[in-house]
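In: for reference, the sequence and a predicted model appear below.
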Amino acid sequence: MPLISYLSRVQFDFGGLRLLSEELALLGVKRPLLVTDPGVRAAGLVDHTLTLLDAEPPIFGETPGNPTEVAAEAALALYRARRCDGVVALGGGSAIDLGKAVALLATHQGSLGDYEVRGGGSTRIGEIAPVLAIPTTAGTGAEVGRAATLTLKNGRKIACVSFKLIPRTAICDPELTLTLPPRMTAATGMDALSHGIESFLSIRENPPAAAIALDCVERAGRWIERAVAYGDDRGARWQMLMAALEGGLTFQKGLGAVHAAGHPMEPLGYHHGTLNAILLPPVLRFNAPAVPEKIRRLKSALGLAPSDDLADWIERLTRRIGLPTRLSELGLDAALIPELAEEASREHLSETNPRPADAEDYRRILEAAFV
């Protein structure tokens, strides 16, 4: 089983979950809190995980679809009551982000808002409780990502960003993704693809991360349709989980306008990966004049001809895998677009977009994605 040492320790292969007790011992964690969500429990993955531990840990199983400060505080109360010394986050990006938030709050004073990246909170983040992440979807890359994104009690979505938030260990077992439904496979897969594309186009120079981003794009573009159509294809599931991991490994290069425009809509209940799929084409059309050589390289990685339109290709792919291609299909109220555009322009992720974008630019992007 290959061991990948990059930003954290990663065990990656079918059957990797069997190493859970061993990896917890290496971290020195004896009393972990298991953070998960109702869907993971319903799929039987929590029960399976418990068979691999010597003692049953306390379980916080109510992670919402988009993690919240309220849920983080509830999980923290359980963590403290049971005197836990680390977190096992089992699930998609929501459970993993919630697990990071618990580990942060367990070791720091104040509330989550004190550590928001936009307010300079990153400099206040020190060592957190150990986190071992086990992804059950192939999309977010949160298992090796340095961010925890949550919605505060006031309804505002924030990101806490620090290398201290990267889980110390990740166990990536494609077996856990075999039962993921087609729609969720598609949405999380497009999330992975968007991470590769956006981080490659980011203005930050980081050649190793850029190379990983290109491989993420090539891998996701090649395998996502098969993973959606044939969920029991072990090869396709392995490839998509690797693409998701690679997408997370590139985060330090930054993202861009797709994520900046999508984040303000997530508190409304829309899925992160679905929003990324819808927003990718209009953002690519906006960015293309600023980065023609990078667009050429992305098309090459996807096996497209130089004359092909990348944004059109993404849109057709999104339709083929059964996802909506317009914000109006989600039921978004068009009257919210100006407010959402203002919020997007203030997102820290907008700072690394290859073409500067103000609120008016985001308004045009959102309107193009709506109709």
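Out: Happy to help now that I have it.
In: tell me the mean pLDDT over stretch 131-146?
Out: The predicted model gives stretch 131-146 an average pLDDT of 94.
In: now the terminal residues of it, how far apart.
Out: Distances were taken as C-alpha to C-alpha, to the nearest Å; on that basis the terminal residues of stretch 131-146 are 12 Å apart.
In: for the strand or helix carrying Gly273, which positions count as buried?
Out: Assigned by DSSP states H and E, Gly273 belongs to helix 272-287. Buried residues in helix 272-287, defined by neighbour count with 16 or more other C-beta atoms under 10 Å: 272-284, 286-287. (C-beta placed from N, C-alpha, C; glycine too.)
In: as a whole number, average confidence for it?
Out: Mean pLDDT, taken over the full extent of helix 272-287, equals 97.
In: helix or strand right after that helix?
Out: Moving toward the C-terminus from helix 272-287, the next helix or strand (DSSP H and E) is helix 292-301.
In: which other helices and strands does that following helix contact?
Out: helix 182-201, helix 207-229, helix 310-320 (3 or more C-beta pairs under 8 Å, 6 or more residues apart in numbering; DSSP states H and E).
In: and these, which is most packed in?
Out: Between the helices and strands packed on helix 292-301, helix 182-201 has the highest mean count of neighbours, a mean of 27, where neighbours are mean count of other C-beta atoms under 10 Å.
In: send me that helix as PDB with only the CA atoms.
Out: Output for helix 182-201, consisting of C-alpha atoms alone and laid out as PDB, is shown next (Å, rounded to 0.1, in the frame of the first residue of the first chain):
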ATOM      1  CA  PRO A 182     -24.800   8.600  -9.000                       C
ATOM      2  CA  ARG A 183     -25.900  12.100  -8.300                       C
ATOM      3  CA  MET A 184     -23.500  12.600  -5.300                       C
ATOM      4  CA  THR A 185     -20.800  10.900  -7.300                       C
ATOM      5  CA  ALA A 186     -21.300  13.500 -10.100                       C
ATOM      6  CA  ALA A 187     -21.500  16.500  -7.800                       C
ATOM      7  CA  THR A 188     -18.400  15.600  -5.700                       C
ATOM      8  CA  GLY A 189     -16.500  14.600  -8.800                       C
ATOM      9  CA  MET A 190     -17.100  18.000 -10.400                       C
ATOM     10  CA  ASP A 191     -15.900  19.500  -7.100                       C
ATOM     11  CA  ALA A 192     -12.600  17.600  -7.600                       C
ATOM     12  CA  LEU A 193     -12.400  18.700 -11.200                       C
ATOM     13  CA  SER A 194     -13.100  22.400 -10.300                       C
ATOM     14  CA  HIS A 195     -10.300  22.200  -7.600                       C
ATOM     15  CA  GLY A 196      -7.800  21.100 -10.300                       C
ATOM     16  CA  ILE A 197      -8.900  23.700 -12.800                       C
ATOM     17  CA  GLU A 198      -9.100  26.600 -10.400                       C
ATOM     18  CA  SER A 199      -5.800  25.900  -8.600                       C
ATOM     19  CA  PHE A 200      -4.000  25.500 -11.900                       C
ATOM     20  CA  LEU A 201      -5.300  28.900 -13.000                       C
END
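In: can I get the helices and strands packed on helix 292-301 in CSV with distance to Ser111 and mean pLDDT?
Out: Conversion of the helices and strands packed on helix 292-301 to CSV gives the following (distance: least, C-beta to C-beta, whole Å; pLDDT from 0 to 100):
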stretch, distance to Ser111, mean pLDDT
helix 182-201, 28, 97
helix 207-229, 32, 97
helix 310-320, 37, 98
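In: for the residue lying closest to Phe200 once chain neighbours are set aside, give me its contacts.
Out: With C-beta to C-beta, 6 or more residues apart in numbering as the measure, Ala213 is the residue that lies nearest to Phe200, at 3.9 Å, once sequence neighbours are left out. With contact taken as C-beta atoms under 8 Å, 6 or more residues apart in numbering, Ala213 is in contact with His195, Gly196, Ile197, Ser199, Phe200, Glu246, Gly247, Thr250, Lys253.
In: how about the contacts made by the last one?
Out: Counting by C-beta under 8 Å, 6+ apart, Lys253 touches Ser199, Phe200, Ser202, Arg204, Asn206, Ala209, Ala210, Ala213, Thr352.
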